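A.B. asks: Requesting a structural model of the entry that follows:
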Amino acid sequence: MTQYQVIVVGGGISGLSLAHYCRAQGRATCLLEREERVGGALHSARFGKDFWLELGAHTGYNSYSRLLNIVEVLGLASRLTHRETARWMLWRGGHVQSVLSRLNWLELAVSMPRMFTAIRTGKSVEAYYSRVLGKRNFEQVVRPMLSAVVSQDAATIPAELLFKKRPRRKEHPRSFAFWGGLQSIPEAIADQRQLTVLRGVGAERIVRDNTTWRVTTSDGQTLEAPALAIATGPDVGARLLAEAAPDVATLLGRIGMATLETEGVVVRSARTHLPRLAGLVGVEAPFWSVVARDPVRHRDYRGFAFHFRPGTPPEERTARICAVLGIQPQSIEERVSVTRSLPAPDHTHAEVIRHLYERLADVRLLVTGNYFGGLAIEDCVARSAAEVERLLSLD
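C.D. replies: Residues are numbered from 1 along each chain as shown. Next comes the predicted model:
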């Protein structure tokens, strides 16, 4: 039996940033990650020495102050890479279209003044944006664009979870990539001294004995700590906590989940005549979006992450990839497939989170992820920072 001060389950940016803050406080911390790869939704596929493709989160912003602070502490700020300006376009009916061409300008003119009085809090994406931009504009443009952002149907997601305004760090690029891929950040956190990271090791059973949390791992170890952090998806968290914290497990189980299937492809630049762009939004298409690596230009290659709707057959994915890029299958130099689960919050979400705060208030059980204050990378790090501060207050 091995003892720590904090055990963290989940090696995405939420879990690793939480472990980073615990380590900074001098707490002996052990993190479990079921996969060999750390990073979770920060997933960078690397090809050769200087080409990478983001399969999960694609962009960082200089408003991500907590993430940038971690990057600076790790001495990695020089690896922030400026992203060139590029447009998002629509893919509809087998053709590229501009966003502006699909807007109903009369409806927009009538609806936009409502933006100054409309309240996002308590409203779904559909309810809020249909009011301030018009119902037709919402269905034809805004719904597919916001669905591309969250890689699921955005209509029922609470509007306040998207596009949070934050102060900007103007010494850094407004939007940035990271040399070697964003996954390099969680990898660097995991490689710090005085932080134990067990890769390829998951949590199988969690029990609580008075003030001690006991975790049985997939490789047969038993770990103990006075504090436990769950940094998995809410569905996994619900399963793991069913025995030790059934009230918290029940609340986590109320949060819906969505499945995302991503195909990353790399082609030689000369093979595709698709104009350089930031990405394509699928309108009445089997994919939510196609995110291009074009804003980080490479001399020889272009890369694209196709985020498909769940259930799209493999042969249809290949056909769609080739149709969008205007290539034959043999022109694909590299290809990688990833399936992941995403939280799918709905109109009950605020109530669930409020009850979670109440249940966790005086317990050394930390719960973090991208389903509390927002869905962005910075929201994950902010939640982890807040949970470690709460742990400090309980000492």
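A.B. asks: Go through stretch 269-288 and flag the buried ones.
C.D. replies: For stretch 269-288, the neighbour count (16 or more other Cβ atoms under 10 Å) marks 271-272, 274, 277-283, 285-288 as buried. (Each C-beta comes from the backbone N, C-alpha and C, glycine too.)
A.B. asks: and stretch 272-282, C-alpha only, in PDB?
C.D. replies: In PDB, the C-alpha atoms belonging to stretch 272-282 read as follows (Å, rounded to 0.1, in the frame of the first residue of the first chain):
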ATOM      1  CA  THR A 272      -5.300  19.400 -52.500                       C
ATOM      2  CA  HIS A 273      -6.600  22.600 -54.100                       C
ATOM      3  CA  LEU A 274      -8.800  23.400 -51.100                       C
ATOM      4  CA  PRO A 275      -8.100  27.100 -50.300                       C
ATOM      5  CA  ARG A 276      -6.100  27.800 -47.100                       C
ATOM      6  CA  LEU A 277      -8.500  28.300 -44.300                       C
ATOM      7  CA  ALA A 278      -9.000  27.900 -40.500                       C
ATOM      8  CA  GLY A 279     -11.600  25.300 -41.000                       C
ATOM      9  CA  LEU A 280     -15.000  24.300 -42.500                       C
ATOM     10  CA  VAL A 281     -18.300  24.100 -40.700                       C
ATOM     11  CA  GLY A 282     -20.500  21.200 -41.800                       C
END
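A.B. asks: Which parts of this protein belong to which domain?
C.D. replies: 2-42+183-255+346-394, 99-161 (automatic domain parsing).
A.B. asks: now, of the ones you listed, which is deepest in the fold?
C.D. replies: Comparing the domains of the chain by mean neighbour count (mean count of other Cβ atoms under 10 Å), domain 2-42+183-255+346-394 comes out on top with a mean of 20.
A.B. asks: Name whatever forms a beta bridge with Thr212.
C.D. replies: Asp209 (DSSP bridges).
A.B. asks: Please apply the same query to the one 5 residues further on.
C.D. replies: Each beta-bridge partner of Thr217 is listed here: Ala203, as defined by DSSP bridges.
A.B. asks: Spit out the contact partners of it.
C.D. replies: Thr217 makes contact with 32, 198, 201-204, 223 under the criterion Cβ atoms under 8 Å, 6 or more residues apart in numbering.
A.B. asks: wait, which of the residues you listed is closest to Ala244?
C.D. replies: Using Cβ to Cβ, Ala203 is the member of the contacts of Thr217 that sits closest to Ala244, with 10.8 Å.
A.B. asks: I'd like the contacts of Thr217 as CSV, with distance to His95 and pLDDT appended.
C.D. replies: Below are these laid out as CSV (distance: Cβ to Cβ, whole Å; pLDDT from 0 to 100):
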residue, distance to His95, pLDDT
Leu32, 47, 98
Leu198, 49, 98
Val201, 48, 98
Gly202, 45, 97
Ala203, 48, 98
Glu204, 50, 97
Leu223, 55, 98
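A.B. asks: just the helices in the stretch 201-350 of the chain please.
C.D. replies: 234-240, 246-253, 314-325, 349-360 (DSSP state H, counting those that start in this stretch).
A.B. asks: Same check on the stretch 1-150 of the chain?
C.D. replies: 13-24, 65-73, 105-111, 125-133, 135-137, 143-150.
A.B. asks: wait, which of the domains of the chain is closest to Pro329?
C.D. replies: domain 99-161 (24.3 Å).
A.B. asks: what about that closest one, how long is it end to end?
C.D. replies: Domain 99-161 has an end-to-end distance of 23 Å (Cα to Cα, to the nearest Å).
A.B. asks: Arg92 is nearest to which of the helices of the stretch 201-350 of the chain?
C.D. replies: Judging these by Cβ to Cβ, what sits closest to Arg92 is helix 314-325, at 11.6 Å.
A.B. asks: Figure out which of the domains of the chain is closest to Leu90.
C.D. replies: Nearest to Leu90, of the domains of the chain and by Cβ to Cβ, is domain 99-161 at 6.0 Å.
A.B. asks: Centre-most residue in the chain?
C.D. replies: Nearest to the geometric centre of the chain sits Ala41, at 4.9 Å (Cα atoms, centre = their mean).
A.B. asks: confidence score at the residue in the chain sticking out farthest from the centre?
C.D. replies: Among residues of the chain, the one most distant from the C-alpha centroid is Leu106; the distance is 35.4 Å, by Cα atoms, centre = their mean. On pLDDT, Leu106 comes in at 94.
A.B. asks: Likewise for Met1?
C.D. replies: Confidence score, pLDDT, at Met1: 81.
A.B. asks: burial count for it?
C.D. replies: Using other Cβ atoms under 10 Å, the number of residues around Met1 comes to 7.
A.B. asks: any idea how far Arg34 is from it?
C.D. replies: To Arg34, Met1 is 21 Å away according to Cβ to Cβ, to the nearest Å.
A.B. asks: Each with direction, which strands does the helix or strand that contains Phe176 pair with?
C.D. replies: Using DSSP states H and E, Phe176 sits in strand 175-178. Its sheet considered, strand 175-178 pairs with strand 60-61 (antiparallel), strand 80-82 (antiparallel) by DSSP bridges.
A.B. asks: ok, back up a step: mind putting the helices of the stretch 1-150 of the chain into JSON lines with distance to Phe372?
C.D. replies: Listed next are those as JSON lines, based on distance: least, Cβ to Cβ, whole Å:
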{"stretch": "helix 13-24", "distance to Phe372": "9"}
{"stretch": "helix 65-73", "distance to Phe372": "14"}
{"stretch": "helix 105-111", "distance to Phe372": "31"}
{"stretch": "helix 125-133", "distance to Phe372": "18"}
{"stretch": "helix 135-137", "distance to Phe372": "30"}
{"stretch": "helix 143-150", "distance to Phe372": "15"}
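A.B. asks: CA-only coordinates of stretch 222-236 in CSV, if you can.
C.D. replies: Output in CSV follows, covering the C-alpha atoms of stretch 222-236 (Å, rounded to 0.1, in the frame of the first residue of the first chain):
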residue,chain,number,x,y,z
THR,A,222,-3.5,0.0,-3.6
LEU,A,223,-3.1,3.7,-3.1
GLU,A,224,-4.2,5.8,-0.1
ALA,A,225,-4.5,9.5,0.5
PRO,A,226,-6.6,12.0,2.6
ALA,A,227,-7.6,13.8,-0.6
LEU,A,228,-8.9,12.4,-3.9
ALA,A,229,-9.4,14.3,-7.2
ILE,A,230,-11.7,13.0,-10.0
ALA,A,231,-10.6,14.5,-13.3
THR,A,232,-12.4,12.2,-15.7
GLY,A,233,-15.6,12.7,-17.7
PRO,A,234,-18.7,12.9,-15.5
ASP,A,235,-19.8,9.4,-16.7
VAL,A,236,-16.6,7.8,-15.5
